[in-house]
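Student: quick one, structure for this:
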Amino acid sequence: MESPYSSIRSASLLIAFILLDRKISLLGLLHFHSLNAYLQFQKWAEEYGPVYSLMLGTKPAIVLSADVAIKNLLDKRGNIYSDRPEMYISQDVASGGHRLVIMRYGDTWRTIHKLDLENKFLLKGLLDTPESENLFNHLRRFSYSLSTQMIFGYRCPDFRDQRLEQLFYTVEEWGKVSESGSAQLADLYPILQKLPQFLLPTVRKAQHVHKVGRELYTSHWLKAKQHLKDGTGLPCICNDLLLAQQSESLSDEAVGYIDGSLLEGGSDTTSSTMYAFIQAMMVFPEVQRKAQDEIDRVVGPNRLPDVDDYTNLDYIRCCVKETLRWMPTVIMGVPHSVTRDDYYNGWKIPKGATIINNVWGIHMDPERSPEPRRFNPDRFQGDHTTLYESANGEPLRRDNFNFGAGRRLCQGIHIAERSLFLGMSRILWGFNLNKALDKAGNPITPNIDDLVGGITVHPKAYPINIVPRSPERTAIIRKAVEDVEELIHPDSGQWKRVPDGMVFGIWKPNNREE
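Tutor: Alright, predicted model coming up:
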């Protein structure tokens, strides 16, 4: 006798992809999920054009693989394209309805939406423990600690910090449950959300991810909140959130997830982008040499690069842009949803349709970027726009689509550009990034297309040989760290006072009652 659930399985095994008047039977949903979806989306864009539609279960989706289409829809019509599709497992179960990046557009979202020193400790980590297995940990600690200082007012001195590990566990596992077959089925066939939880095995995993994330983010917030209220807190974004909580009656859990969303965005994507950049320097040594030649010419051997060098290090700025193009961490964007019927080039886009920003497809378009898998910063020669200016400028010249579009454009784009610039320029100033050797003495070239992750991705772990460029540069790095360490409590690793030049440096904590 046929199982009562066979019809559900059968329905889930077919996606009807509709472009213009043609219907094409393609991959089953569960099989489709097991593929590198971004590569398949790129293939369909090449075959059917830069804008095509498809039916995912019971819901239509529009895939945008053209810069002009994203500008015309997500930017220019942001008033109706700023919603997110329903994501039951990802948002309701794994995030308690609070994760900012996938929050539905509405009153709550509008209310919520209304670096230098950590970099030196990154360099010290590369000097002390340059082993391949530690590289990603150093990058994650750097981006995480930079984020915690701006958001909560305290830093992370060690990559073995349990809270750092919990953050990246939450980010990685949330990505996995969000991309799982069960999650996609529950979104595509909403009736499945009413089934007993044992029939949606991802629910238990999502509940655990939410538990870990809620406890982590709420504890971060409550600690910062208490320090702000008793007058001992350091400058941080939580100062404004405390005022917002009082005026908007937001719960501690809701504010914790606001902070957590900022922490995720600032920590995960920055470290992944830096990891991709270091891989590119190793795989394309001619780019590394050219970048180091510019740094040596502009900065010289006697000091570290700083933010004042930004306008004079044109090639490094091009490296920032090329890294974001070459290795987009949010590889298919975060989906949008349209709030009313719309029309584009004669095609109807129905209310509630999911809009997929096919970042990989745009970045790897050979007409837009010749030889797209070649890391070539020179393709941005003469482009003097900041990342923010480019994102809001002429679509054909936009450098990357990692930061979203329209009203959902990531507001951390300025901080990301500065931290990437400092990280890239200082690492290349102080170190040579060489290929590791196998047992036979042959250089190991990693596969640049071997990516891991879920909603966000990064290169698979690779071996590398990190070598200081000279004893003199090593001494300069260590002296810079010693100068910074004078401002830090030796036991806690926290700042004794806010260093000059830090963001929010003129802010003073106030005692205030709820």
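Student: Tyr38 and Gly333 touch, don't they?
Tutor: No - shown here, Tyr38 and Gly333 do not form a contact pair, counting by CB atoms under 8 Å, at 10.0 Å. C-beta: built from backbone N, CA, C; applies to glycine.
Student: can you list residues touching both of the two?
Tutor: Common neighbours of Tyr38 and Gly333, counting by CB atoms under 8 Å, 6 or more residues apart in numbering, are 358-359.
Student: which one's more surrounded, those two?
Tutor: Neighbour count, other CB atoms under 10 Å: between Tyr38 and Gly333, Gly333 has more, with 25 against 20.
Student: let me see the contact set for the closest residue to the more buried one other than its chain neighbours.
Tutor: Using CB to CB, 6 or more residues apart in numbering and skipping residues adjacent in sequence, the residue nearest Gly333 is Asn357, 3.1 Å away. The contact partners of Asn357, by CB under 8 Å, 6+ apart, come to 64, 70, 74, 332-336, 401, 404-405.
Student: what comes up buried for stretch 339-351?
Tutor: Within stretch 339-351, the residues that qualify as buried are 339, 342, 349, counting by 16 or more other CB atoms under 10 Å.
Student: and what about Ile62, helix, strand or coil?
Tutor: Secondary structure for Ile62, judged by DSSP: H, G, I helix; E, B strand; the rest coil, is strand.
Student: what mean pLDDT does the helix of greatest length in the chain get?
Tutor: Longest helix of the chain, by residue count under DSSP state H: helix 252-283. The predicted model assigns helix 252-283 a mean pLDDT of 90.
Student: what's the next secondary structure element after it?
Tutor: Reading on from helix 252-283 to the C-terminus, the next helix or strand found by DSSP states H and E is helix 285-298.
Student: give me the contacts around that following helix.
Tutor: So helix 285-298 is contacted by 280-282, 305, 309, 312-316, 319, 375-377, 424-425, 428-429, 432-433, 469 (CB under 8 Å, 6+ apart).
Student: list the ones among the residues you listed that fall in strands.
Tutor: Secondary-structure check on the contacts of helix 285-298 using DSSP state E: residues within strands are 432-433.
Student: buried subset of the contacts of helix 285-298?
Tutor: Buried members of the contacts of helix 285-298, counted by 16+ other CB under 10 Å: 280-282, 305, 309, 313-316, 319, 375-377, 424-425, 428-429, 432-433.
Student: show me those residues that map onto helices.
Tutor: For these, the ones inside helices are 280-282, 314-316, 319, 424-425, 428-429, with DSSP H as the criterion.
Student: report the two of those residues separated the most.
Tutor: Looking at these by CB to CB, the two members farthest from one another are Met282 and Asp314, with 22.4 Å of separation.
Student: what's downstream of the helix or strand containing Trp44, the next helix or strand?
Tutor: Assigned by DSSP H and E, Trp44 belongs to helix 37-48. Using DSSP H and E, the helix or strand that follows helix 37-48 towards the C-terminus is strand 51-56.
Student: what's the helix or strand for Glu417?
Tutor: Glu417 belongs to helix 413-430, assigned by DSSP H and E.
Student: could you pull up the mean pLDDT of the helix or strand that Leu241 is a member of?
Tutor: Under the criterion of DSSP H and E, Leu241 resides in helix 238-248. The predicted model gives helix 238-248 an average pLDDT of 84.
Student: next, the angle helix 252-283 makes with it.
Tutor: Here helix 238-248 runs at 150 degrees with respect to helix 252-283, directions being taken by axes from the mean of the first three to the mean of the last three CA atoms, to 10 degrees.
Student: distance between helix 238-248 and the chain's centre?
Tutor: 25 Å (CA atoms, centre = their mean, to the nearest Å).
Student: quick one: list the elements packing against it.
Tutor: With contacts defined as 3 or more CB pairs under 8 Å, 6 or more residues apart in numbering; DSSP states H and E, the secondary structure elements packing on helix 238-248 are helix 107-113, helix 202-229, helix 252-283.
Student: list the buried residues for the helix holding Glu417?
Tutor: So helix 413-430, judged by 16+ other CB under 10 Å, has buried residues 413, 415-430.
Student: that older thread, ok, the contacts of Asn357 vs Thr270, which is closest?
Tutor: Top of the list for closeness to Thr270, among the contacts of Asn357 and by CB to CB, is Gly404 at 15.4 Å.
Student: tell me, how many residues neighbour the closest one?
Tutor: Neighbouring residues of Gly404 were enumerated by other CB under 10 Å; the total is 21.
Student: residue contacts, it?
Tutor: Contact criterion CB under 8 Å, 6+ apart gives 74, 330, 333-334, 357, 410 as the residues in contact with Gly404.
Student: in what helix or strand does it lie?
Tutor: Element membership of Gly404 [criterion: DSSP H and E] is none; it lies in no helix or strand.
Student: quick check: phi and psi on it?
Tutor: As for Gly404, its main-chain torsions (degrees, to the nearest 10) stand at phi 80, psi -160.
Student: quick one: it from Asn357, how far?
Tutor: Separation of Gly404 from Asn357 (CB to CB, to the nearest Å): 7 Å.
Student: cool, Gly412 as well?
Tutor: For Gly412 relative to Asn357 (CB to CB), the value is 17 Å.
Student: ok, now Ala254?
Tutor: Ala254 sits 27 Å away from Asn357, going by CB to CB.
Student: got it, and Gly175?
Tutor: 17 Å.
Student: what do you get for Gln193?
Tutor: Separation of Gln193 from Asn357 (CB to CB) stands at 25 Å.
Student: and for Ala405?
Tutor: Taken as CB to CB, the spacing of Ala405 relative to Asn357 amounts to 6 Å.
Student: same check, this time on His208
Tutor: Counting by CB to CB, the separation of His208 from Asn357 is 29 Å.
Student: for the protein, which residue is closest to the average position?
Tutor: Most central in the chain under CA atoms, centre = their mean is Thr269, positioned 2.9 Å from the mean C-alpha point.
Student: in contact with Val255, which residues?
Tutor: 221, 241, 244-245.
Student: can you check Val481 too?
Tutor: Val481 makes contacts with 120-121, 123-124, as judged by CB under 8 Å, 6+ apart.
Student: what do you get for Arg204?
Tutor: Contact analysis of Arg204 by CB under 8 Å, 6+ apart lists Gln197.
Student: about what we covered before: quickly list what's touching both of Ala405 and Asn357.
Tutor: When contacts are counted by CB under 8 Å, 6+ apart, the set common to Ala405 and Asn357 consists of 70, 74.
Student: between the ones in helices among the buried ones among the contacts of helix 285-298, which is closest to Ala461?
Tutor: Distance from Ala461 was checked for each of these by CB to CB. The minimum falls on Met282, at 13.1 Å.
Student: what does the pLDDT read for the residue lying closest to the closest one once chain neighbours are set aside?
Tutor: Leaving aside its chain neighbours, Met282 sits nearest to Leu433 (4.9 Å; criterion: CB to CB, 6+ apart). Looking at Leu433, its pLDDT stands at 98.
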